[in-house]
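Asks: Structure for the following, please:
(one chain, ligands or ions: 1)
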Amino acid sequence: MTQPTEAPTVWLTTLGCAKNEVDSDKILGMLAAAGYAMAQAPGSADVVMVNTCAFIEAARQESIDTILDLADHKREDASLVVVGCMAQRYESELAEALPEADAIIGLDRYPELVDRLDALRKWTPITIGPARRSHMDILYETRRPTPSTPWAYVKVAEGCDKMCTFCAIPQFRGKQRSRAPHNIRDEAAKLAAAGVAEIGLVAQDLAAYGRDTGDGDIVSLIRSVSAVDGLRRLRLFYLYPKEIRPALIEEMTSNDRIADYFDLSLQHSSARLLRAMRRPGSGDRHRDLIESIRDAAPDAALRSSFIVGFPGETDDDVDDLASFLGDVRLDWAGFFLYSPEEGTPAATMSDQLPEEVKAERLRYLQALQDDITTEATIAQVGRTLSVVVDQVEAGQPVARSYREAPEIDGVVLLDRGEPGEWLTVEITGGYGTDVNAIVVGPA
Ligand code: SF4
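Replies: Next comes the predicted model:
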């Protein structure tokens, strides 16, 4: 290959969770600082990258399908690069199974990423920016300079100290490492200055932030970040129930800039199954927690995720979860089929369930929750809320209030509005996950 004179262009497809989206933003920021340009489509890019997810079997399959699909659609001379959790966890297996990939770069090796791409493209960058420093911190200092949405995620810690028996994340993401509070606040301030008015804080175990460093805790962190100039809404993701202390509920519900939105990772209501998952609590403990949140903020929006088909789950456990859902009436809930993860204690438990049993249970619980979510949606009619317009889709402004997290929950469909605008709206109707609203003024 001859030495290219123009900057190589990069396309990055991101799979998996919000934490991966943050990593992708940082990777693109790092590449932009090193002189790379962004491609408009995978078919025109010099480097096609996939940020993979390895959380469960279905996510791994989606990652492989996406890699193969992009291998088919990329230019013949373009380089295909696999990054993310799957690259971290299965580097040698992927290298063998995917000859289509030119490089497989796991999370630990992101500091080498620019050099690896330079070598693949035989390109010498003109810009020698902060991305050249070989330290993991570069990932926290670089970020796509122009955010494409009025919201963004900020990752406050990497890794996890819990030992849930179904989860392989601590094996490949390691123990919790919290970022310094000033570092997080600086990143939030840069995003706010670039036009981001809503920030979602993410980590594997967000409410345990700071426990490893002793440098602040989640309450002091959200108090400080929410005070950043220009920021209008802070949203917290992945709250491990036992880590939700009264002081956190108090700060979240009394601070106007923090959404009354509680993303609880409850996983199940059966105390026996929770013990087998090595997670604390029970259906009654979960009920108490939800009651204390609603006591502090009656209109708080509640979301949770649940695992269906964990080894040993009985019909009685499913009934228990169904009656729990009927009692607590969460606004939003996600259900995930249990899949045995290599190297986890649950994978070798003897009473694994057949796939069709798990799928049937998931359909049943999902249908039950769909009705509850619709009921919660309809209950919004008549309320006046503050929303941000995320985009205009085929002439239709699409917005969100504190109740809806981006790309996860429903949306608010407006009669007018421009991307990035904050408006006061009145909810006029709704069904399923989405509501309709008319604009009554600026927010
Ligand atoms: S809290 Fe449990 S499920 Fe969540 S990342 Fe840590 S070990 Fe995995």
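
Asks: tell me which parts of this protein are close to the ligand?
Replies: 160, 162, 164, 167, 169-170, 204-205, 240 (CB under 6 Å from any ligand atom). Any C-beta I mention is one placed from the backbone N, CA and C, and that applies to glycine too.

Asks: In helices, which of the residues you listed appear?
Replies: The members of the residues of the chain next to the ligand that map onto helices under DSSP state H are 169-170.

Asks: Just the buried ones among the residues of the chain next to the ligand, please.
Replies: Neighbour-count burial (16 or more other CB atoms under 10 Å) applied to the residues of the chain next to the ligand gives 160, 162, 164, 167, 169-170, 204-205, 240.

Asks: Kindly export the longest helix seen in the chain (C-alpha atoms) in CSV.
Replies: Criterion DSSP H: the longest helix present in the chain is helix 355-378. What follows is helix 355-378 as a C-alpha-only set of coordinates in CSV (Å, rounded to 0.1, in the frame of the first residue of the first chain):
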residue,chain,number,x,y,z
GLU,A,355,-34.6,-22.8,26.4
GLU,A,356,-38.3,-23.1,25.5
VAL,A,357,-39.3,-23.0,29.2
LYS,A,358,-37.2,-19.8,29.7
ALA,A,359,-38.6,-18.2,26.5
GLU,A,360,-42.2,-19.0,27.5
ARG,A,361,-41.7,-17.5,31.0
LEU,A,362,-40.2,-14.4,29.4
ARG,A,363,-43.1,-13.9,27.1
TYR,A,364,-45.6,-14.3,30.0
LEU,A,365,-43.8,-11.7,32.2
GLN,A,366,-43.2,-9.3,29.3
ALA,A,367,-46.9,-9.3,28.4
LEU,A,368,-47.8,-8.7,32.0
GLN,A,369,-45.4,-5.8,32.3
ASP,A,370,-46.5,-4.3,28.9
ASP,A,371,-50.0,-3.8,30.3
ILE,A,372,-48.5,-2.2,33.5
THR,A,373,-46.3,0.1,31.3
THR,A,374,-49.3,1.1,29.2
GLU,A,375,-51.2,1.9,32.4
ALA,A,376,-48.4,4.1,33.6
THR,A,377,-48.2,5.8,30.2
ILE,A,378,-51.9,6.6,30.2
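
Asks: pLDDT added to the residues of the chain next to the ligand, as TSV?
Replies: Formatted as TSV, the residues of the chain next to the ligand follow (pLDDT from 0 to 100):
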residue	pLDDT
160	93
162	95
164	96
167	93
169	86
170	87
204	92
205	95
240	97
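
Asks: Need the residues of the chain next to the ligand in TSV (columns: distance to residue 43).
Replies: Below are the residues of the chain next to the ligand laid out as TSV (distance: CB to CB, whole Å):
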residue	distance to residue 43
160	38
162	42
164	40
167	37
169	33
170	38
204	35
205	39
240	42
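
Asks: does the residue nearest to residue 405 when sequence neighbours are not counted sit in a helix or strand, and which one?
Replies: Nearest residue to residue 405 in three dimensions, chain neighbours excluded: residue 235, at 6.1 Å (CB to CB, 6 or more residues apart in numbering). Take DSSP states H and E as the rule and residue 235 turns out to sit in strand 233-236.

Asks: Would you indicate which residues of the helix or strand that that strand is followed by are buried?
Replies: Downstream of strand 233-236, the next assigned helix or strand under DSSP H and E is helix 246-254. By 16+ other CB under 10 Å, the buried positions in helix 246-254 come out as 248-249, 251-253.

Asks: what about stretch 344-352, average pLDDT?
Replies: In this model, stretch 344-352 has an average pLDDT of 96.

Asks: Show residues contacting it.
Replies: 165-168, 171, 276-278, 310-312, 338, 340-341 (CB atoms under 8 Å, 6 or more residues apart in numbering).

Asks: Repeat the analysis, applying 7 Å as the threshold.
Replies: 165-168, 310-312, 340-341 (CB atoms under 7 Å, 6 or more residues apart in numbering).

Asks: Can you give me the pLDDT of residue 60?
Replies: 87.

Asks: Got the phi and psi for it?
Replies: With angles defined as degrees, to the nearest 10, residue 60 sits at phi -70, psi -40.

Asks: How about it, nearest residue that isn't a chain neighbour?
Replies: Nearest to residue 60 is residue 54, by CB to CB, 6+ apart, at 5.6 Å.
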